[in-house]
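Visitor: Could you look at this predicted model? Sequence included:
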Amino acid sequence: MEEAHQKLHAIFVPYPLQGHVIPSVHLAIKLASRGFKITFINTHSIHHQLSKAQPNGRDEDIFTAVRQSGLDICYTTVSDGLPVEFDRSLNHDQFAAALLHVFSAHAEEAVAKIVRSGQPVSCLIADTFFVWPSKIAKKYGLKYISFWTEPALVFTLYYHLDLLRKNGHFGCNDACEDTINYIPGVRALNPKDLTSYLQESDISTVCHHIIFNAFKDVKGADFVLCNTVRELELEIISDLQTKISFYAVGPILPIGFTKSLVATSLWSESNCTSWLNTKPLGSVLYVSFGSYAHVTKHDLAEIAHGLLLSKVSFVWVVRPDIVSSDDTDPLPVGFKEEISDHSMIIPWCYQLHVLAHSAIKGFLTHCGWNSILESIWCEVPLLCFPLLTDQITNRKLVVDDWRIGINLSDKRPITREEVSKNINRLMSGKSGDELKNEIKEVKKRLENAVTAEGSSEKNMDQFIKDLKVGIQKKSGSISVQYQNCLSNSNGT
Ligand SMILES: O=c1ccn([C@@H]2O[C@H](COP(=O)(O)OP(=O)(O)O[C@H]3O[C@H](CO)[C@@H](O)[C@H](O)[C@H]3O)[C@@H](O)[C@H]2O)c(=O)[nH]1
């Protein structure tokens, strides 16, 4: 009874995309193992895809197994405003518009329902890319904890949009090409390393509206948790902490690397362990472009031919919608036959297992932030082919700052010769060894951060302490707000 009384109850709403759901699930587990009660809310669509991807295809509460292990995590689902079977990958802008304009109503209804049920709720944890959490948190008297799943560098760029505008680097016809040296905590940044959205001249798109509104909303957050490590982005984080309650708590990865107890894959995982077991140590290239970005048919063909030219063995994740979900067989004719048993093509896998396998030597990646953290953790150097959003900026961190990866190509469009040359640079010779040594050093920083005395663990302790103090201070006003809110929603 005593323990139940002290438990902090957080409602957790992840952004309904694979690269956000995975770290959100693991953050939820981390918080639950620190004594939180969590109510985790997926969209119906994410839940449907997770269920379909399960070997048994069963429509289950994804947290059943962790609850049986003693963690207090409840699970529910809510509509994102679109029919479950709607092809969100093919109709990206319509999906993004639903998240921008419609999802808040469904999210609010879900929050209101939990609050009205009489359960004591103290906070709302939601992805920074949502445009509504601070308003809903305020209405229901909850602390708002914003979860940022990209590096702190990208957060600070969006946070300082006004500075980028003022200096002619964003939102003008002829964007200035001078080095960006005025963002606090960021030493110098070439405009070509800004996120794709910050480099576009049309800033009236739905994604821009999401960014503008989300970064207005995050200014009302009580806390920001970021999936990064203080030692990797020290100056940026130090500056952000002078402005907001920002905590670096990464890398948020499944503990111990054993298969996660919670289903987090949106596609069925192919098992390539037996095949990898037949390959010599450090001989295979892992290729994956994450869950979200599309590759053009031209680039896909050049990568395919470049892989063949390199003669390196590879495991390539070719998602069913990698080019587009209405082009289900986009690889060059005869490619699959040509690779035979030398290499492997799969639609999806449990990436952490593959990266951790001793046969894997390098990772050709789109530079999604989770993939970068996972690759560092497994000490696998990266071959970078960023496609959009933060991936452009993440490449700069990997290649220019930390020197743990190289570019797939310095020119666009990419050519098969360039692809093959750089695969061989990564997989053999001096540059491969240098990258391996560097990545071992960076891995140490990640590893140290999550030890009991490490920065991320301490930041997590501090966050929980600060949250409790904040909740205690606000408890008087919370109950008043909460009562008002209940009266309003009951129409009294
Ligand atoms: O076959 C696969 C391929 C990927 N993954 C996992 O899927 C996640 C992919 O995440 P990420 O590498 O970050 O790429 P995206 O799916 O593209 O993630 C989106 O979200 C990220 C975090 O916000 C951003 O950094 C990216 O740019 C954005 O596209 C990782 O955890 C991978 O381990 C698998 O489990 N199996």
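Guide: Cool, the structure landed. Numbering: from 1, shown residues only.
Visitor: Now whichever residue of the stretch 251-400 of the chain sits closest to the ligand: closest residue in space, sequence neighbours ignored.
Guide: Closest residue of the stretch 251-400 of the chain to the ligand, C-beta to the nearest ligand atom: G368 (2.3 Å). Heads up, the C-betas are built off the backbone N, CA and C, glycines and all. What sits nearest to G368 in space, not counting adjacent residues and going by C-beta to C-beta, 6 or more residues apart in numbering, is G290, at 4.0 Å.
Visitor: any idea how far the one you found lies from S375?
Guide: 12 Å (C-beta to C-beta, to the nearest Å).
Visitor: Same check on V121?
Guide: Counting by C-beta to C-beta, the separation of V121 from S375 is 37 Å.
Visitor: Among the two, which residue is more densely surrounded?
Guide: S375 (26 against 22; other C-beta atoms under 10 Å).
Visitor: Find the nearest non-adjacent residue to the more buried one, please.
Guide: Nearest non-adjacent residue to S375 (C-beta to C-beta, 6+ apart): F363, at 4.8 Å.
Visitor: any low-confidence regions in the chain?
Guide: Across the chain, the ranges flagged by pLDDT under 70 are 1-6, 255-259, 476-492.
Visitor: near the ligand, which residues of it show up?
Guide: Within the chain, the positions adjacent to the ligand are 17-20, 22, 149-150, 265, 288, 290-293, 317, 348-352, 368-371, 374, 389-391 by C-beta under 6 Å from any ligand atom.
Visitor: So among those residues, which ones count as buried?
Guide: Those of the residues of the chain next to the ligand that meet the buried threshold are 17-20, 22, 149-150, 265, 288, 290-293, 317, 348-352, 368-371, 374, 389-391, by 16 or more other C-beta atoms under 10 Å.
Visitor: Among the residues you listed, which are located in helices?
Guide: Q18, G19, H20, I22, Q351, L352, W369, N370, S371, E374, Q391 (DSSP state H).
Visitor: Farthest pair within those?
Guide: Using C-beta to C-beta, those span at most 19.3 Å, a distance reached by L352 and Q391.
Visitor: Smallest distance to the ligand belongs to which residue of the stretch 1-150 of the chain?
Guide: Closest point on the stretch 1-150 of the chain to the ligand, by C-beta to the nearest ligand atom, is G19, at 2.1 Å.
Visitor: my guess is that residue contacts I372, does it?
Guide: No: with contacts counted by C-beta atoms under 8 Å, G19 stays clear of I372, the gap being 11.2 Å.
Visitor: ok so, going back, what touches both of G290 and S375?
Guide: Listed as contacting both G290 and S375 by C-beta atoms under 8 Å, 6 or more residues apart in numbering are T365.
Visitor: What are the buried residues along stretch 223-235?
Guide: F223, V224, L225, C226, N227, T228, V229, R230, E231, L232, E233.
Visitor: Please verify my assumption that Y247 contacts D461.
Guide: No: at 9.9 Å, Y247 and D461 do not qualify as touching, with contact defined as C-beta under 8 Å.
Visitor: more crowded one of the two?
Guide: Y247 (26 against 13).
Visitor: what helix or strand is L285 on?
Guide: Take DSSP states H and E as the rule and L285 turns out to sit in strand 284-288.
Visitor: by contact count, what packs against that strand?
Guide: helix 297-310, strand 313-317, helix 351-356, strand 360-365, helix 416-427 (3 or more C-beta pairs under 8 Å, 6 or more residues apart in numbering; DSSP states H and E).
Visitor: and the ones you listed as CSV, adding distance to F215?
Guide: Shown next, in CSV, are the helices and strands packed on strand 284-288 (distance: least, C-beta to C-beta, whole Å):
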stretch, distance to F215
helix 297-310, 31
strand 313-317, 32
helix 351-356, 29
strand 360-365, 26
helix 416-427, 35
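Visitor: Point out the most buried one among these.
Guide: Across the helices and strands packed on strand 284-288, the average number of neighbours (mean count of other C-beta atoms under 10 Å) peaks for strand 360-365, which reaches a mean of 25.
Visitor: between it and strand 313-317, how many degrees?
Guide: Between strand 360-365 and strand 313-317, the angle comes out at 40 degrees (axes from the mean of the first three to the mean of the last three C-alpha atoms, to 10 degrees).
Visitor: what angle do the strand holding L285 and helix 416-427 make?
Guide: Put simply, strand 284-288 runs at 120 degrees to helix 416-427, going by the same axes, to 10 degrees.
Visitor: so where do the strands sit in this protein?
Guide: 9-13, 37-43, 73-78, 123-127, 143-148, 223-226, 246-248, 284-288, 313-317, 344-346, 360-365, 382-384, 405-407 (DSSP state E).
Visitor: Kindly reformat these as a markdown table containing distance to L300.
Guide: Formatted as a markdown table, these follow (distance: least, C-beta to C-beta, whole Å):
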| stretch | distance to L300 |
| --- | --- |
| strand 9-13 | 34 |
| strand 37-43 | 29 |
| strand 73-78 | 34 |
| strand 123-127 | 30 |
| strand 143-148 | 31 |
| strand 223-226 | 33 |
| strand 246-248 | 36 |
| strand 284-288 | 11 |
| strand 313-317 | 10 |
| strand 344-346 | 12 |
| strand 360-365 | 12 |
| strand 382-384 | 16 |
| strand 405-407 | 18 |
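Visitor: can you give me how far stretch 71-86 is from the chain middle?
Guide: Stretch 71-86 has its C-alpha centroid displaced from the chain centroid by 19 Å (C-alpha atoms, centre = their mean, to the nearest Å).
Visitor: meant to ask about stretch 63-77, not that
Guide: 22 Å.
Visitor: Centre of the chain to stretch 430-446, how far?
Guide: Distance, centroid of stretch 430-446 to centroid of chain: 23 Å (C-alpha atoms, centre = their mean).
Visitor: How about stretch 140-148?
Guide: 19 Å.
Visitor: Alpha carbons of that stretch, as CSV, please.
Guide: Taking Å, rounded to 0.1, in the frame of the first residue of the first chain, the C-alpha atoms of stretch 140-148 are listed here in CSV:
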residue,chain,number,x,y,z
TYR,A,140,-4.8,17.6,-16.6
GLY,A,141,-2.3,18.9,-14.1
LEU,A,142,0.5,16.6,-15.2
LYS,A,143,4.2,17.2,-15.5
TYR,A,144,5.3,17.0,-19.1
ILE,A,145,8.4,15.0,-19.9
SER,A,146,9.4,15.3,-23.5
PHE,A,147,11.4,12.4,-25.0
TRP,A,148,13.9,13.3,-27.7
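Visitor: Tell me where the stretch 1-150 of the chain has helices.
Guide: 2-6, 18-33, 44-53, 64-68, 92-101, 103-116, 133-139 (DSSP state H, counting those that start in this stretch).
Visitor: if you compare these, which one is most tucked away?
Guide: helix 18-33 (a mean of 23).
Visitor: Identify all contacting residues around that helix.
Guide: Against helix 18-33 from outside (C-beta under 8 Å, 6+ apart): 10, 12, 14-15, 38, 40, 42, 46, 62, 66, 71-73, 125, 127, 129, 147, 149, 225, 227, 249, 252-255, 260, 262, 264-266, 290-292, 368-370, 460.
Visitor: and the angle for it with helix 44-53?
Guide: 90 degrees.
Visitor: Could you tell me how far helix 18-33 lies from the centre of the chain?
Guide: How far helix 18-33 lies from its chain's middle: 10 Å, per C-alpha atoms, centre = their mean.
Visitor: Kindly report the same for stretch 449-461.
Guide: For stretch 449-461, the distance to the chain centre is 20 Å (C-alpha atoms, centre = their mean).
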